[in-house]
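Engineer: Have a look at this prediction, sequence included:
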Amino acid sequence: MRRIVLGTWALAALAACDDPTHPAEQSVTPSVTVVQPQFTVQDLGTLGGDFGGALGINSRGVVVGQSTIPSGDIHAFLWRAGRGMRDLGTLGGGSSIARGINDHGQVAGESDPPSGGVRAFIWSEAGGMKNLGTLGGESSIGWGLNNRGEVVGTSKTRDHRTVAFLWRPGRGMRSLGTLGGPGSEARGVNDASQVVGFSDTPSGESHAFLWTEERGMEDLGTLGGGGSLAFAISPTGEVVGTSTSAAGTDELFLWTRKDGMRSLGTLEKHSIDFPFGAINGKSHIVASASTIAGIFEPVIWTPQQGLRRLPMLPGDEGVPRGINDSDQIVGFGVNALGEVHAALWTPIAKD
């Protein structure tokens, strides 16, 4: 699954396609639910192709992600309970990905315009898909957004570097700089406009960062090993990511201003080396644990219960990518046919 999922996420070259219309909502694949302790996991299907993945969820349980359409192109989707998947179209080219959604229903991601390259976008029901431009280079990717409509991501610069950006309504895109190396990537932003991601350092290592208007880009360090990556930030400024420990293991971390970076561990005979996940307002974290054989299992960490596995679709792998304050989780799952589909985990109500 790693090869399939990573290849789709990268979208190094997006193909050309038709006009970015907004087709009627659809649910192509029937919903399949597998009940296991504490959570159910549901197959959300696809837009008519054989691949789908959910990348974000808001407080209302609205899900966004990416899916193949019958032609084989990948399109951004929006899914609502009882209404299924809706194709959000493109910027005029062949492909698009939706990576995040806020509580106002605005969506961030990237798509290819007719002029070529890839461009970060923000989508809304009223305005459709808007091209956010670049930092002067040929491409940009939108990784996340907050309830203020601010989008963060990465963009190529005129000198062909890849640098983290913050885009604000009415103010456009600005570079957030680096930790002294050539490049950086922004992955998450909260409603306080605190941005997290990772950046090259002068030594050549990649370190997690926290950016704020007051302090600029801060190096969050590592767990004692050679690098770290931050992929999400909570409403209160808790940062979550992965880092290599002094013993050489890849582990989940939680960073706070008070306590710095601390390890949340890993599952036995697993590593937390997949640089995607999420945290909600209750400090509940989702990520992927991989075995020595490279099999990915979805995990959740809570302050009360520590790190534990999530159930999976009938297939043997799962990758969670988002979580809301109701502990609804979205990501990728493998169905009984071996196809990768968008998945939704829902907590089982306690009596």
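Structural biologist: Good, I have the coordinates. Numbers count the residues shown, from 1 in each chain.
Engineer: Could you use CA atoms for every contact and neighbour count after this?
Structural biologist: Fine.
Engineer: Check which helices and strands the helix or strand containing Glu138 sits against.
Structural biologist: Using DSSP states H and E, Glu138 falls within strand 136-145. Counting contacts by 3 or more CA pairs under 8 Å, 6 or more residues apart in numbering; DSSP states H and E, strand 136-145 packs against strand 96-101, strand 107-111, strand 119-124, strand 151-157, strand 184-189.
Engineer: Next, the angle strand 184-189 makes with that strand.
Structural biologist: 30 degrees (axes from the mean of the first three to the mean of the last three CA atoms, to 10 degrees).
Engineer: quick one, strand 136-145 and strand 107-111 angle?
Structural biologist: 150 degrees.
Engineer: CA atoms of strand 136-145 as CSV?
Structural biologist: What follows is strand 136-145, C-alpha atoms only, in CSV (Å, rounded to 0.1, in the frame of the first residue of the first chain):
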residue,chain,number,x,y,z
GLY,A,136,7.4,33.0,-7.7
GLY,A,137,8.0,29.4,-8.9
GLU,A,138,6.1,26.9,-10.9
SER,A,139,4.1,25.1,-8.2
SER,A,140,2.5,25.2,-4.8
ILE,A,141,0.7,22.7,-2.5
GLY,A,142,-2.0,23.5,0.1
TRP,A,143,-1.6,21.4,3.2
GLY,A,144,-4.0,22.8,5.7
LEU,A,145,-6.2,25.7,6.7
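Engineer: Would you mind confirming that Leu267 makes contact with Ala287?
Structural biologist: No - contact between Leu267 and Ala287 fails when scored by CA atoms under 8 Å: they sit 11.5 Å apart.
Engineer: which one of these two has more residues nearby?
Structural biologist: Ala287 (31 against 17; other CA atoms under 10 Å).
Engineer: Run through the bridge partners of Asp219.
Structural biologist: Phe209 (DSSP bridges).
Engineer: Relative to Ser228, how far out is it?
Structural biologist: When distance is defined by CA to CA, to the nearest Å, Asp219 is 10 Å away from Ser228.
Engineer: These two: who's more crowded?
Structural biologist: Comparing Asp219 with Ser228 by other CA under 10 Å, the one with more neighbours is Ser228, at 30 against 17.
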